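A.B. asks: how does the following fold in three dimensions:
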Amino acid sequence: MKRLALLLAPALVGAADPLPITIAVDATDVAHGIVAVTETLPIDRAGPLTLRYPRWIPGTHRPSGPIARVAGLRFTQAGRPVAWHRDVEDPYSVHLDLPAAGPLVARFDYLAPTDGSQGDVTMTPAMTILSWHTVSLYPADRAVADLRVQASAVFPAGWRSATALAPGLSGDRVIYPAVSYETLVDSPVLAARYMRSEPLAPGIRLNIAADRAEQLAATPTQIMLHRQMVAQALKIFGPPPFDHYDLLLWLSDTMDNQGLEHRRSSENGVPAGYFTQWPLMAARRNLLAHEFTHAWNGKYRRPADLSTTDYAQPMHGDLLWLYEGQTRFWDYVLQARSGLVSRQDTLDGLARIAAFYAVAPAFDWRSIGDTTADVVMTDARGWPDYQGSSDYYEAGKLVWLEADQLIRERTAGRRSLDDFARTFFAANGDPNRAAPYTRADVVAALQAVTPYDWDGFLRTHVEEAHRPPLGWIERGGYRLAFIDTPPPYWRSIEHRAGVIDLRHSVGLAIGSGGTVREVAWNGPAFRAGLAPGAALLRIGGRPYSNKALLAAIRRRQPVTLTVRQLGVRRTVTIAWTGGLRYPTLVRARLAPAGLDMMMEPR
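C.D. replies: Numbers count the residues shown, from 1 in each chain. Just a heads-up that it's a prediction; the model follows:
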């Protein structure tokens, strides 16, 4: 494996102006998903040294550092091997006993997943997202903000790359400026064979990579809508806590679709047809708004227990109902205000969430706040509506919808959650440092918007076992209704998830090949004995198809299915005669109301 290395003169760790640690990566072997790493650490003395691989990764809120993907780890000093051993209690730490002062060179390979069954795919023959925490070690005795690092990278010939570390699109070989290790880890690189870049506002760029060149064909209108999203965000939150910002967006059906926030950039993965299949992608158009909002809510204003000095300290996510839940509120607001998603689609998206939580039994026994623990629990849940599954995102959004509509009602529309955001997230400190907050700070900021028992509000809706609030629907001038045809936004969700979602009729979500993905707890299919993982084989004596199932439900007669689960074949009858049902929000009054005002552009 070819390796890229930078030559360093000896330097002293802890000197007044030390030379930086250098991290040089060769990311050209995209066929095998191998990133070769050479890291050089200046060392000022002989003796014991502990190095760590990042474990608790900001933005993921959990110990997600992929240490098991590191292979071939070797150390040398002056060309001689240096022995190492792994800590028996902390596999993310390695111990060395250095024979002398002088540069210590670490070499290893990072083996990226080559298939979704191995984990999130981050490298393909067409593109990669390089996360520095996956390809680096750091001294255990230093705060990550105090370590200076200079990184370099080589990508396949002809590729281009984008990162907050360097302005604009760069070529296939880049040496980045020296920054703190904290800043480096917070600055991923998106590299690809096919890329384009679009300015969205002064200092803010949208950098787009795609599997194929034709997938980059965003229309001027589509780019304009993303500019409007940024403009609306700046109107909500005010001056940004960054000097420049790069939205890193990849369009791919092979690389993992995800979102991860950073101070000066964000990682955003969407299906390859994001621009070219625009009508089907409504359910993905809030992603950029979500991660951009995190520049204020999460990266600048950050819960105190998530503000750690290195990547070995556990993060406590008990305030994620604001960090993530309110960000989910704002991404829906921004998609509507900017026009990225229509108002009706936004309302139908809210209806979908409201209808789910109106009946989800998880909150008869646990609180929204308790679901913040889900981020560090094994996520193998067959019954998400009963067990819960990181509901601080979507159920948390309903808490903030309730707060917004309550504020509007109590102030006759003069104030809203916009007023909370404008003060609470104001970048009035050092924008290079996080501004931590506590629950008490949240209560005080809400109280400043309008007097109310906000402490009791959060206790009831976040900290106690309580169904997520739905009063915002009536306060906002709407009502929850059900129709027999899926709204366009519902179809977009189905397309995104690869299912047909019949949760509110027979109580099933069905994936490809007739595989049951979800069964609504205590719904008709549940009562018939179906469970997730069952394969639907026949319907009424004929081979199963989604089309035949939909037709049977429309006839409003019980549905008989032949199924196979755990190797056992049997026949079940779902006693449902209510037809197809899909949630929507409809106006309950003629005059514009709170939800309309919430979606109105500023």
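
A.B. asks: tell me the spacing between W383 and L417.
C.D. replies: 32 Å (CB to CB, to the nearest Å). Quick note: C-beta positions are derived from backbone N, CA and C, even for glycine.

A.B. asks: more neighbours: these two, which one.
C.D. replies: Neighbour tally, W383 and L417, criterion other CB atoms under 10 Å: the higher count belongs to L417, 24 against 17.

A.B. asks: can you name the residues that contact the more buried one?
C.D. replies: Q326, F329, W400, A403, D404, I407, V449 (CB atoms under 8 Å, 6 or more residues apart in numbering).

A.B. asks: if I pick the nearest residue to A362 once chain neighbours are set aside, what's in contact with it?
C.D. replies: Setting aside the residues directly before and after it, A362 is nearest to G388 in space (CB to CB, 6 or more residues apart in numbering), at 3.8 Å. Taking CB under 8 Å, 6+ apart, we find G388 in contact with A360, A362, F363, R366, D370, T371, D374, R381.

A.B. asks: where does the closest residue to the fifth one other than its chain neighbours land on pLDDT?
C.D. replies: With sequence-adjacent residues excluded and distances taken as CB to CB, 6+ apart, D370 is closest to G388, at 7.6 Å. As summarised for this prediction, G388 has a pLDDT of 94.

A.B. asks: the chain should start at 51 in everything you say after this.
C.D. replies: With the count now opening at 51, the last piece we talked about shows up as G438.

A.B. asks: which elements pack onto the helix or strand hosting T178?
C.D. replies: Assessed by DSSP states H and E, T178 sits inside strand 177-180. Strand 177-180 is packed against strand 71-79, strand 239-242, strand 295-301, with contacts defined by 3 or more CB pairs under 8 Å, 6 or more residues apart in numbering; DSSP states H and E.

A.B. asks: apply 10 Å and report the result again.
C.D. replies: Other helices and strands packing on strand 177-180, by 3 or more CB pairs under 10 Å, 6 or more residues apart in numbering; DSSP states H and E, are strand 71-79, strand 198-204, strand 210-213, strand 239-242, strand 254-260, strand 295-301, strand 315-320.

A.B. asks: in TSV, list those strands along with mean neighbour count.
C.D. replies: Formatted as TSV, the helices and strands packed on strand 177-180 follow (neighbours: other CB atoms under 10 Å):
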stretch	mean neighbour count
strand 71-79	22
strand 198-204	21
strand 210-213	25
strand 239-242	27
strand 254-260	24
strand 295-301	26
strand 315-320	25
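
A.B. asks: could I get those as CSV with mean pLDDT?
C.D. replies: Below are the helices and strands packed on strand 177-180 laid out as CSV (pLDDT from 0 to 100):
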stretch, mean pLDDT
strand 71-79, 98
strand 198-204, 97
strand 210-213, 97
strand 239-242, 98
strand 254-260, 98
strand 295-301, 98
strand 315-320, 97
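
A.B. asks: export those to JSON lines and tack on distance to R334?
C.D. replies: Listed next are the helices and strands packed on strand 177-180 as JSON lines, based on distance: least, CB to CB, whole Å:
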{"stretch": "strand 71-79", "distance to R334": "27"}
{"stretch": "strand 198-204", "distance to R334": "28"}
{"stretch": "strand 210-213", "distance to R334": "20"}
{"stretch": "strand 239-242", "distance to R334": "17"}
{"stretch": "strand 254-260", "distance to R334": "14"}
{"stretch": "strand 295-301", "distance to R334": "10"}
{"stretch": "strand 315-320", "distance to R334": "5"}
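
A.B. asks: and the ones you listed: which comes nearest W540?
C.D. replies: For W540, the closest of the helices and strands packed on strand 177-180 is strand 315-320, at 18.8 Å, according to CB to CB.

A.B. asks: next helix or strand past the closest one?
C.D. replies: Downstream of strand 315-320 (by DSSP H and E), the next one is helix 337-343.

A.B. asks: just how off-centre is that following helix within its chain?
C.D. replies: 9 Å (CA atoms, centre = their mean, to the nearest Å).
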